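1. sequence-free structure coming up:
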């Protein structure tokens with residue numbers, strides 16, 4: 001296995017199980033779990049989002065913070081699991097740039113839930129575990145802009161649970 005640091009870049013719609021998978025992958029690999037929801041909830045609580053006039057005026061602020069924190073962590077010698085919807089080509093390229101600038105390897109993962117009924121149930125039953133985080137409705141998940149991947153990505157399915165997805169991701173990281 002290479003000595004270079006790894007940035008595991010998760011993507012997927014809300015409710016597919018990204019955070020559950022990210023936590024377990026981080027534990028198995030000894031990597032830092034970097035969660036956009038945590039950053040954005042803190043920005044809401046601090047009043048920054050309100051001061052900016054809402055998320056429409058600062059749509060990528062949480063991602064910009066996460067890119068900087070991930071860069072620092074990678075340069076300090078830590079592996080990082082980046083947990084975000086990561087819906088656009090521009091955000092995906094930015095994560096790749098973070099890894100490249102830190103001489104780290106980026107591994108792109110798309111998490112899906114192929115069982116639409118289960119995915120909907122997860123979204124509708126979900127409650128926020130973070131003060132300042134408002135979870136989306138099913139309608140908001142369906143209407144969210146989410147671009148197909150234009151580059152190779154490891155796609156894992158959580159319809160049968162998280163463990164197989166975690167195993168696949170850990171194996172991909174160890175095989176790099």
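-> That came through, no problem. A quick note: this is a predicted structure, and the numbers were derived from the prediction, not measured.

2. what's the helix or strand for the closest residue to residue 113 other than its chain neighbours?
-> Using C-beta to C-beta, 6 or more residues apart in numbering and skipping residues adjacent in sequence, the residue nearest residue 113 is residue 119, 4.0 Å away. (Glycine included, C-beta is placed from N, CA and C.) The secondary structure element spanning residue 119 is helix 116-125 (assigned by DSSP states H and E).

3. centre of the chain versus the one helix or strand in the chain whose mean pLDDT sits lowest, how much separation?
-> Every helix and strand in the chain was compared by mean pLDDT, DSSP states H and E; the lowest is helix 48-52, with a mean of 92. Once both centres are worked out by C-alpha atoms, centre = their mean, to the nearest Å, helix 48-52 turns out to sit 23 Å from its chain's centre.

4. in it, what counts as buried?
-> Judged by neighbour count (16 or more other C-beta atoms under 10 Å), helix 48-52 contains these buried residues: residue 49.

5. ok, and the closest non-adjacent residue to residue 30?
-> Leaving aside its sequence neighbours, residue 30 sits nearest to residue 79 (C-beta to C-beta, 6+ apart; 7.0 Å).

6. ok, residue 56 - how many residues close by?
-> A count of neighbours around residue 56, defined by other C-beta atoms under 10 Å, yields 8.

7. Pull the residues that contact stretch 46-61.
-> Outside of stretch 46-61, the residues within contact range by C-beta atoms under 8 Å, 6 or more residues apart in numbering are 40, 43-44, 91.

8. Likewise for stretch 131-142?
-> Surrounding stretch 131-142, the residues in contact under the criterion C-beta under 8 Å, 6+ apart are 13-15, 37, 40-45, 120, 123-124, 126-128, 144.

9. Write the ChimeraX selection for whichever of the residues you listed are buried.
-> Restricted to the buried members of the contacts of stretch 131-142, where burial is judged by 16+ other C-beta under 10 Å, the ChimeraX selection command reads as follows:
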select :13,14,15,37,40,41,42,43,44,123
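
10. Could you tell me which strand of the protein is the longest one?
-> As assigned by DSSP state E, the longest strand anywhere in the chain is strand 105-112.

11. Compute the distance between the residue of the chain most remote from its centre and residue 44, please.
-> Of all residues in the chain, residue 51 has its C-alpha farthest from the mean position, at 25.6 Å, by C-alpha atoms, centre = their mean. For residue 51, the distance to residue 44 under the criterion C-beta to C-beta, to the nearest Å works out to 11 Å.
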